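Novice: Pasting the sequence and the predicted coordinates here, then a few questions.
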Amino acid sequence: MTAPVMTQATTTQATMTQATTKVLMTGAGGFCGKHLATYLKSQGVAVYTMGMHPPEPSDETVQQHFTIADITHSQELASIFDRVQPDYCIHLAGVASSIDPVVFYRVNVSYAAALLHALELSGLATQCPTLLVGTSAEYGVITPEQVPIHENTPVSPYHHYGISKLAQTHLGMAAARTGRPLVMVRPFNIIGPGMPRHLSVQSFATQVVKIVLGQQPPVIEVGNLGSSRDFIDVESTVRIYWQLLQNPQAYGEVINICSGQGVVMADLLQRLIQLSGVAVEVKVDPDRFKTLDIPVHYGCTQKLERFIHGVPHLDLDGTLQRVLDYLTVNPCFAL
């Protein structure tokens with residue numbers, strides 16, 4: 001077994017106290033992971049991370065990082081749990097897009113299975129509450145009659161991402177049935193600064209910023225803008241993750257993370273344009289239409305409301321403004 005490579009972050013003596021809550025995270029270098037690590041540090045939590053790639057040198061939110069040689073090797077992961085002795089574990093790592101189907105199942109399923117086994121090997125299975133992050137794509141094709149989507153809505157994922165994440169959820173549910181403290185969440189469409197480039201909202205915002213900066217003609221070509229989606233701000237999302245993980249009543253549950261309302265994509269694009277203050281022509285290109293485009297898709301917040309103190313209201317304009325500001329300050333991210 002190859003020993004994990006440790007990277008020590010710069011820390012203050014105050015963060016090293018015996019009583020500090022410790023969280024071990026996967027996927028800390030991703031969109032949500034960066035926001036979650038920042039939030040946890042603001043709450044006085046010591047953040048430890050593990051994954052195939054080290055964090056950025058400028059990342060001061062991480063106490064210590066462990067680079068993994070094989071994410072499916074339970075014993076290697078167990079050695080990290082033994083070293084850190086975390087109070088909580090958050091499994092954010094996942095693949096949403098790949099040309100190789102095998103990658104979906106290696107990262108989204110085998111990694112989770114190895115992590116759950118590693119908790120057993122380290123003797124932390126019942127002592128370290130763990131959050132497994134799935135996706136609303138686990139529900140698959142939804143008809144207008146099925147919204148809002150409840151946690152007991154039949155699941156029938158359509159593509160490898162949803163199928164593999166549903167398998168991860170089932171792994172968590174099986175472990176939870178043995179009494180282990182696990183929470184399985186299904187976030188809907190998370191938006192905010194630093195979104196992945198393949199997301200429609202990020203594509204729209206990037207083009208708007210390029211127009212503002214004079215790097216693109218004032219024209220945006222789009223596909224179908226008639227569908228609606230349930231959006232939730234990334235900062236609200238990571239706060240909900242942390243609240244659920246600390247709530248024993250949520251253990252063993254599958255919980256939607258959503259706003260409970262649908263936003264039509266055409267309205268969202270117009271709000272981005274209005275916030276930018278520039279005139280933009282929107283051209284609909286039929287060639288950009290997806291083969292499968294679910295017309296209405298939003299979740300139900302009733303179960304979530306049982307476990308947290310009030311579901312945050314989505315300030316869509318505020319979130320979109322932060323996205324535009326981020327891309328303006330970080331133009332290289334928009335390239």
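Specialist: That came through, no problem. Numbers count the residues shown, from 1 in each chain.
Novice: could you pull out the helices for the stretch 51-200 of the chain?
Specialist: With DSSP state H, counting those that start in this stretch as the criterion, the stretch 51-200 of the chain has helices at 74-84, 101-105, 111-121, 160-176, 200-212.
Novice: Give me the buried positions along the shortest one.
Specialist: When neighbours are counted by 16 or more other Cβ atoms under 10 Å, the buried residues of helix 101-105 are found to be 104-105. (Glycine included, C-beta is placed from N, CA and C.)
Novice: what's the average pLDDT for that helix?
Specialist: Mean pLDDT, computed over helix 101-105, is 97.
Novice: swap in the longest one?
Specialist: Along helix 160-176, the predicted local confidence has a mean pLDDT of 98.
Novice: What are the contacting residues of that helix?
Specialist: For helix 160-176, the surrounding residues in contact (Cβ atoms under 8 Å, 6 or more residues apart in numbering) are 94-98, 101, 104-105, 107-109, 112-113, 116, 125, 130, 132, 134-135, 137-140, 155, 157, 182, 184, 186, 251-252, 254.
Novice: Narrow the residues you listed to those in strands?
Specialist: For those, the ones inside strands are 130, 132, 182, 184, 186, 254, with DSSP state E as the criterion.
Novice: and which of these is nearest to V263?
Specialist: Among these, R186 lies closest to V263 (Cβ to Cβ), at 18.3 Å.
Novice: thinking the closest one is in contact with G140, fair?
Specialist: No - assessed by Cβ atoms under 8 Å, R186 is found out of contact with G140, at 12.0 Å.
Novice: between those two, who's got more neighbours?
Specialist: R186 (23 against 18; other Cβ atoms under 10 Å).
Novice: quick one: pLDDT of that one?
Specialist: Looking at R186, its pLDDT is 99.
Novice: residue contacts, it?
Specialist: Counting by Cβ under 8 Å, 6+ apart, R186 makes contact with 134-136, 138-139, 151, 169, 254-257, 299.
Novice: I'd like to know which of those residues is nearest to P218.
Specialist: Taking Cβ to Cβ as the measure, P218 lies nearest S136 of the contacts of R186, at 33.6 Å.
Novice: What is the neighbour count of that closest one?
Specialist: Neighbourhood size, S136 [other Cβ under 10 Å]: 22.
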